[in-house]
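Colleague: After the sequence you'll find the predicted model.
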Amino acid sequence: MNWNEGYVTDVDYTFGYYTELNPVRIKLAFANVGIKFPNIGTACELGFGQGLSSNVHAAASITSWHGNDFNPAQAAFAQELAEASGSGAKFVDESFEAFCGRSDLPNFDYIALHGIWSWISDDNRQAIVDFARRKLNVGGVLYISYNTLPGWAPFAPIRHLLTRHSEYYGVEGNGRSANIEASLKFADTLTEVNPSYFRANPSVATRLNSLKEANKNYLAHEYFNRDWHPMHFADMADWLKPAALSFVCSAHFIDHMEVANLTKPQLELINTITHPIFKQSVRDFMVNQGFRKDYWVKGPRNLTSAERLEVIRDIRVTLRKPASDISLKAKGSLGEVTFSEEIYGKVIAQFDASPLKTLGELEKSLRESNIKLAEIFEVALALSGTGDLSVAQDDESINAALAKTKMLNKHLIGKARTSSEIGYLASPVIGGAIPVERFHQIFISAVQSNCKTALKIAEFTWSIIAEQNQRLIVGGAVLETEEANVKELTRQASDFMLKNLAVYKNLMLC
C-alpha cells in the first residue's frame with residue numbers, strides 16, 4: 001500500500017482555521033445543554049492538515065497540544081509554527097495507526113478531528129476509536145466533524161462520477177488541479193444533456209455550479225480521495241460506542257436555536273422522541289444535514305439547575321468585531337432569521353465601556369432594561385454562532401498565553417507581507433483566532449512600528465507591496481501609480497483605525 005493510503009497528498013491542504021476546535025468555546029455549548037465542562041489541560045488533533053488551528057490553540061492557551069498528520073510537508077509547516085510561537089506543541093508526521101499506537105503520549109482531556117473521518121479507511125477509523133477508548137480521560141471531550149446523510153445522498157453519485165473521470169481520463173503530468181478542472185468540465189457537458197438523474201435531483205446542478213468557484217486544493221481533498229464515506233449519525237454513534245462516548249450537542253451553535261432550523265410541527269414531533277440517537281437521526285432528515293460538527297463526552301455529567309446558572313453567570317465573553325459590523329441576522333436550515341434589535345442591541349452596547357464581560361455582569365447591568373439572564377445567554381450563543389462574539393479566558397490564562405501569541409502573530413504577519421494564504425491571527429483573550437485579512441495584518445505591523453496616522457500606515461504598506469511589484473485593484477481596475485495606490489491604502493487604513501484597531505487591541509493582537 002502507498003504511504004498516503006489513497007489520501008490526496010500531491011496538493012497542499014488549505015490554510016484554514018476552524019473555531020469549533022477551540023476548547024474555550026465549548027463552555028457555552030455545554031452550559032446550554034446542562035453538561036459539566038472539564039478542565040482542558042492536554043489536547044490532541046488527529047489529522048491536523050496544515051496545523052494552523054492546533055498551533056493557534058497551543059499558543060493562545062495554557063493547554064498542552066499534540067497532533068499528527070501523515071503528510072510530511074504539512075507536519076513540517078505545523079512544526080515551524082510551533083517553534084515560532086514557543087508553545088511547546090508536539091506535531092509529528094505519522095499515520096493514524098502509528099500515532100495512535102504510541103506509548104509515549106499523555107492521556108488527553110480533549111481529542112479533535114475535523115473532517116478527516118469521512119476520508120479515511122475503516123482500519124484507520126478503528127485505530128482512532130481505540131485511541132479515544134485508551135487515551136481520552138474520563139469526562140474528556142471528543143470533537144468530530146464529518147460528511148453525513150441524508151444531505152450528501154443526492155450528490156454522492158456525482159462525486160463518484162467526478163473521481164472516476166479523473167481516474168480514467170486524468171493525465172498524471174497535467175497535475176491534480178488540471179485533472180479536476182477537466183472532470184468539472186465533463187460534468188458541465190453532462191448537465192447540458194439534461195440526464196434524468198439531474199431532473200430527479202435539481203439540487204445537484206446548483207451544487208456543481210458552486211464547485212467551479214471553489215479552491216482546487218479544497219476540491220482535491222474534499223472530493224477526490226480514494227476513501228469517501230458520508231455517514232448517518234446513528235452509524236457514527238455505533239462506531240464510537242466501544243470508546244464509551246456519549247453525544248452531548250452540536251458544535252455548530254446555530255443548531256442550538258431551533259427557531260432557525262425547525263418548523264413548529266417539526267419541533268413538536270422531535271420533542272416526542274425520547275431516544276437521543278434516533279432524535280438526532282430524525283432531525284438530520286428535517287434539516288437535510290450534510291455535515292455534522294459534534295461534541296461527545298466520555299461519561300457526561302449533568303449540572304443541576306443551580307449549578308448551570310452559576311456556570312452561565314461565570315462565562316466571560318468579548319466581541320470579535322466592531323459593534324457596527326455585527327449583523328442581527330443568522331442563517332439556519334429554514335433560511336434567515338432576524339434577532340431582536342431591542343435585546344441584542346442593548347447587550348452589544350454594554351461592551352462600549354469594557355471589552356470583557358461575564359454574563360452575570362451583563363445580567364446586573366441590564367436588569368433595569370428588564371432583560372433576563374436567559375435572553376443574555378441566547379445572545380451570547382447566537383452571536384458566537386455567527387462569529388461576532390467569543391468566550392474569553394480568565395486573566396491568568398490570557399497573561400500566560402500573551403507572549404506566545406505575540407511570537408506566533410509576528411511570524412504570521414511576516415508571511416502576510418508576501419502572501420494572503422493565512423488570513424488569521426491568534427488572540428490570547430479567546431484562546432483562538434479571528435479572521436484578519438492580509439492588509440490588516442500589515443497595518444497591525446505598521447502600528448507596531450510606530451506609524452500613528454493613516455497616511456504613515458499606507459506608506460508603510462505601499463513600501464512592502466511595491467517592492468513585489470504588486471498593485472491594488474479597485475472596481476476591477478488596476479491602480480498603476482504610486483499616488484493612486486497610497487491614496488487607496490490611506491482610505492483603507494483610515495477605516496481600519498476607525499473601526500478595527502480598537503477590537504484588535506481588545507483581543508491583544510497588537
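Modeller: Ah, there it is.
Colleague: Partner strands of the longest strand seen in the chain and their direction?
Modeller: In the chain, with assignment by DSSP state E, the single longest strand is strand 136-147. According to DSSP bridges, strand 136-147 forms sheet pairs with strand 108-114 (parallel), strand 291-297 (antiparallel).
Colleague: tell me which residues in it are buried?
Modeller: For strand 136-147, burial by neighbour count (16 or more other Cβ atoms under 10 Å) applies to 136-137, 140-147. C-beta coordinates here come from the backbone N, C-alpha and C atoms, glycine included.
Colleague: And those, which is closest to R320?
Modeller: Using Cβ to Cβ, Y143 comes nearest to R320 of these, at 20.2 Å.
Colleague: Could you find the closest non-adjacent residue to the closest one?
Modeller: A112 (4.2 Å; Cβ to Cβ, 6 or more residues apart in numbering).
Colleague: Next secondary structure after the longest helix along the chain?
Modeller: The longest helix of the chain (DSSP state H) is helix 395-416. Next helix or strand after helix 395-416 toward the C-terminus (DSSP states H and E): strand 424-427.
Colleague: now for that next one, which elements pack on it?
Modeller: Packed against strand 424-427 by the contact rule (3 or more Cβ pairs under 8 Å, 6 or more residues apart in numbering; DSSP states H and E) you find helix 52-59, helix 395-416, strand 432-435.
Colleague: Mean neighbour count added to the ones you listed, as JSON lines?
Modeller: Listed next are these as JSON lines, based on neighbours: other Cβ atoms under 10 Å:
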{"stretch": "helix 52-59", "mean neighbour count": "29"}
{"stretch": "helix 395-416", "mean neighbour count": "19"}
{"stretch": "strand 432-435", "mean neighbour count": "23"}
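Colleague: Nearest to P230 among those would be which one?
Modeller: helix 52-59 (22.8 Å).
Colleague: now that closest one: mean pLDDT?
Modeller: Averaged across helix 52-59, the pLDDT comes to 98.
Colleague: By mean pLDDT, point me to the weakest helix or strand of this protein.
Modeller: helix 216-223 (a mean of 68; mean pLDDT, DSSP states H and E).
Colleague: For the stretch 351-500 of the chain, just list every one of the helices.
Modeller: For the stretch 351-500 of the chain, the helices defined by DSSP state H, counting those that start in this stretch cover 359-365, 373-385, 395-416, 438-448, 454-467, 482-495.
Colleague: Please name whichever of these is nearest to A426.
Modeller: Comparing the helices of the stretch 351-500 of the chain by Cβ to Cβ, helix 395-416 comes nearest, at 4.4 Å.
Colleague: Dump the closest one to CSV, restricted to CA.
Modeller: Below are the C-alpha coordinates for helix 395-416, written out as CSV (Å, rounded to 0.1, in the frame of the first residue of the first chain):
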residue,chain,number,x,y,z
ASP,A,395,-6.9,36.7,33.1
GLU,A,396,-4.3,34.2,34.3
SER,A,397,-4.6,32.2,31.1
ILE,A,398,-4.5,35.3,29.0
ASN,A,399,-1.4,36.5,30.6
ALA,A,400,0.3,33.1,30.3
ALA,A,401,-0.5,33.0,26.5
LEU,A,402,0.3,36.6,25.6
ALA,A,403,4.0,36.1,24.8
LYS,A,404,3.3,33.0,22.7
THR,A,405,0.6,34.6,20.6
LYS,A,406,2.8,37.7,20.0
MET,A,407,5.5,35.5,18.6
LEU,A,408,3.1,33.4,16.5
ASN,A,409,1.4,36.6,15.1
LYS,A,410,4.7,38.1,14.3
HIS,A,411,5.5,35.0,12.3
LEU,A,412,2.1,35.0,10.5
ILE,A,413,2.3,38.7,9.8
GLY,A,414,5.7,38.1,8.3
LYS,A,415,4.1,35.7,5.8
ALA,A,416,1.4,38.3,5.1
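Colleague: Name the surrounding residues that touch that helix.
Modeller: 55-56, 58-62, 81, 84-87, 392-393, 421-422, 424-429, 431, 438, 441-442, 444-445, 508-509 (Cβ atoms under 8 Å, 6 or more residues apart in numbering).
Colleague: Please spell out the PyMOL selection for the buried subset of those.
Modeller: What follows is the PyMOL syntax selecting those of those that are buried according to 16+ other Cβ under 10 Å:
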select buried, resi 55+56+58+59+60+61+62+81+84+85+87+392+393+422+424+425+426+427+428+429+431+438+441+442+444+445+508+509
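Colleague: hang on, the earlier thing: now tabulate the helices and strands packed on strand 424-427 in TSV and tack on distance to F233.
Modeller: What follows is those, written out as TSV (distance: least, Cβ to Cβ, whole Å):
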stretch	distance to F233
helix 52-59	24
helix 395-416	34
strand 432-435	26
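Colleague: picking up where we left off before, the residue nearest to Y143 and T19 touch, don't they?
Modeller: No - using Cβ atoms under 8 Å, A112 makes no contact with T19, being 11.6 Å away.
Colleague: These two - which one has more neighbours?
Modeller: A112 (28 against 22; other Cβ atoms under 10 Å).
Colleague: hey, what's the more buried one bridged with?
Modeller: Bridge pairing for A112 - DSSP bridges - gives E45, Y143.
Colleague: Could you measure from it over to F460?
Modeller: 38 Å (Cβ to Cβ, to the nearest Å).
Colleague: repeat for A380
Modeller: A380 is 37 Å from F460, by Cβ to Cβ.
Colleague: what about the two, which has more around it?
Modeller: Ranked by neighbour count (other Cβ under 10 Å), A380 and F460 place A380 first, with 24 against 19.
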